[in-house]
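A.B. asks: No sequence on hand, only this structure:
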Ligand code: SAH
Ligand code: SF4
């Protein structure tokens, strides 16, 4: 048995070509089989009714689709949808779909949990469980397409659970599946990798010729303050991460979660502007969602607006993001934590919170 969904596209093609040739199938079968992985996916080979029944049976034995099992599906009053996918061994991951005008942005996970322990992050609190395979990463999009082919995501962001650059081989393959015409054909500029800045893998990402967007989770403009929030600062410090951005001949985004009294002072906006301006970076200001360390509180709206204004006054493009899906706790890793802690939402039923 081979999990075709977890193979890089060219390897999946090679495996299918060899297998069909060995069976003495005509060459055009490859062109019927491969689109069923991503372009026009099927849940099981049984559904590929353009293929003879005997071939479907053989495919199901040799290349079964594992797929993701939907645990809960919640819809926020603002239209944000959260999907909790159940994996083997009691693990679960989540994806969040954020509709905005014509855009449908899907926020996907790259790992079960995360080893990096940023103090404000619910996933960080879980610790690291395991890496996702390329198939599990890209299947978060695939499952949505299977549910509703016309409602496919237009944008994908690696901002769910996990640190994508610590699962580079799988993320590398998943990026191709998302972007390539033989995959989902989502434009590279519509795919964003969000990372704390794992320096060696940043170099790998920079080497790819597609212009994937890059978002760096900065959260503090000084090493000392960043270390208080993000233990990874010890290994890949602020200066080294910013220097690594020179390899990207494209505009990067700096992410900054505003935490009341911790990193939202006006002077810090000035220091952040001094870092962002020379890079020509866009600063994404994120209101703190609950789920991280209990003693952290979001910045007040006034402080957030003042922080944004101060950046703009120094010529930095800054956007204060709206909180989305708060009523279904649609931030980094939160549903999983609720389920684990015996929260009020049960796994196993399709649930809807708020209006559809
Ligand atoms: N590990 C990667 C990608 C996943 S986290 C990274 O850290 O970039 C995606 C984004 O969600 C990051 O910018 C992260 O800082 C942010 N985030 C984590 N916890 C949050 C919270 N409690 N409130 C708001 N944003 C949060
Ligand atoms: Fe991991 Fe990102 Fe959460 Fe930090 S913010 S703990 S890197 S998922």
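C.D. replies: In hand now; what should we look at? Remember, predicted model here, so these are calculated numbers, not experimental data. Numbering: from 1, shown residues only. Ligands and ions are numbered 1, 2, ... in the order given.
A.B. asks: Show the subsequent helix or strand relative to the longest strand along the chain.
C.D. replies: Looking across the chain with DSSP state E, the single longest strand is strand 92-100. Using DSSP states H and E, the next helix or strand after strand 92-100 towards the C-terminus is strand 103-107.
A.B. asks: give me the number of residues near the nearest residue to residue 64 once chain neighbours are set aside?
C.D. replies: Spatial nearest neighbour of residue 64, chain neighbours left out: residue 1 (6.1 Å); criterion: CB to CB, 6 or more residues apart in numbering. Every C-beta, even on glycine, is put in place using the N, C-alpha and C of the backbone. Neighbours of residue 1 under the rule other CB atoms under 10 Å: 8.
A.B. asks: which residues touch residue 1?
C.D. replies: 61, 62, 63, 64 (CB atoms under 8 Å, 6 or more residues apart in numbering).
A.B. asks: how about the residues of this protein near ligand 1?
C.D. replies: 114, 120-121, 158-159, 163, 194-196, 217, 255, 257, 286, 288-289, 291-292, 331-332 (CB under 6 Å from any ligand atom).
A.B. asks: One more pass at 5 Å, please.
C.D. replies: 120-121, 159, 163, 194, 196, 217, 255, 257, 286, 288-289, 292, 331-332 (CB under 5 Å from any ligand atom).
A.B. asks: Which pair of these spans the longest distance?
C.D. replies: Distances among these were taken as CB to CB; the most separated pair is 163 and 288, at 19.1 Å.
A.B. asks: more neighbours, those two?
C.D. replies: residue 163 (27 against 22).
A.B. asks: Where does residue 130 sit: helix, strand or coil?
C.D. replies: At residue 130 the chain is in strand, as set by DSSP: H, G, I helix; E, B strand; the rest coil.
A.B. asks: Tell me the spacing between it and residue 215.
C.D. replies: For residue 130, the distance to residue 215 equals 24 Å [CB to CB, to the nearest Å].
A.B. asks: So for those two, which residue has more residues nearby?
C.D. replies: Neighbour count, other CB under 10 Å: between residue 130 and residue 215, residue 215 has more, with 19 against 14.
A.B. asks: Now that the more buried one has come up, it's in contact with residue 286, right?
C.D. replies: No. Counting by CB atoms under 8 Å, residue 286 is not a contact partner of residue 215; they are 10.5 Å apart.
A.B. asks: any shared contact partners between the two?
C.D. replies: Residues touching both residue 215 and residue 286 by CB under 8 Å, 6+ apart: residue 255.
A.B. asks: which residues does the most centrally placed residue in the chain contact?
C.D. replies: Residue closest to the mean C-alpha point of the chain, counted by CA atoms, centre = their mean, is residue 158 at 2.2 Å. Contacts for residue 158 (CB under 8 Å, 6+ apart) come out as 108, 110, 164, 171, 192, 193, 194, 195.
A.B. asks: switch to 7 Å and redo it
C.D. replies: Each residue near residue 158 by CB atoms under 7 Å, 6 or more residues apart in numbering is listed here: 108, 110, 164, 192, 193, 194.
A.B. asks: so what's the backbone phi/psi at it?
C.D. replies: Residue 158 adopts backbone torsions of phi -90, psi 70, taken as degrees, to the nearest 10.
A.B. asks: What separation do you get for it and residue 189?
C.D. replies: Distance, residue 158 to residue 189, by CB to CB: 15 Å.
A.B. asks: Residue 105 now?
C.D. replies: Taken as CB to CB, the span from residue 105 to residue 189 is 13 Å.
A.B. asks: ok, now residue 316?
C.D. replies: From residue 316 to residue 189 the distance is 21 Å (CB to CB).
A.B. asks: repeat for residue 85
C.D. replies: Applying CB to CB to residue 85 and residue 189 gives a distance of 27 Å.
A.B. asks: who has more neighbours, the two?
C.D. replies: Taking other CB under 10 Å, residue 85 and residue 189 do not tie; residue 85 has more neighbours (23 against 13).
A.B. asks: which residues does that one form a beta bridge with?
C.D. replies: residue 70, residue 93 (DSSP bridges).
A.B. asks: Would you mind confirming that it makes contact with residue 72?
C.D. replies: No. If you go by CB atoms under 7 Å, residue 85 and residue 72 don't touch, sitting 9.5 Å apart.
A.B. asks: Can you mark which positions in whatever helix or strand residue 308 lives in are buried?
C.D. replies: Taking DSSP H and E as the criterion, residue 308 maps to helix 301-313. Neighbour counts using 16 or more other CB atoms under 10 Å place 303, 304, 306, 307, 308, 310, 311 of helix 301-313 among the buried residues.
A.B. asks: quick one on the thing from earlier: nearest residue to the residue nearest to the centre of the chain in space, please, no chain neighbours.
C.D. replies: residue 164 (4.3 Å).
A.B. asks: show me the contacts for that neighbour.
C.D. replies: 110, 158, 171, 193, 195.
A.B. asks: got these as JSON lines, with secondary structure and pLDDT columns?
C.D. replies: Converted to JSON lines, the contacts of residue 164 look like this (DSSP: H, G, I helix; E, B strand; the rest coil; pLDDT from 0 to 100):
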{"residue": "110", "secondary structure": "coil", "pLDDT": "97"}
{"residue": "158", "secondary structure": "strand", "pLDDT": "96"}
{"residue": "171", "secondary structure": "helix", "pLDDT": "98"}
{"residue": "193", "secondary structure": "strand", "pLDDT": "97"}
{"residue": "195", "secondary structure": "strand", "pLDDT": "97"}
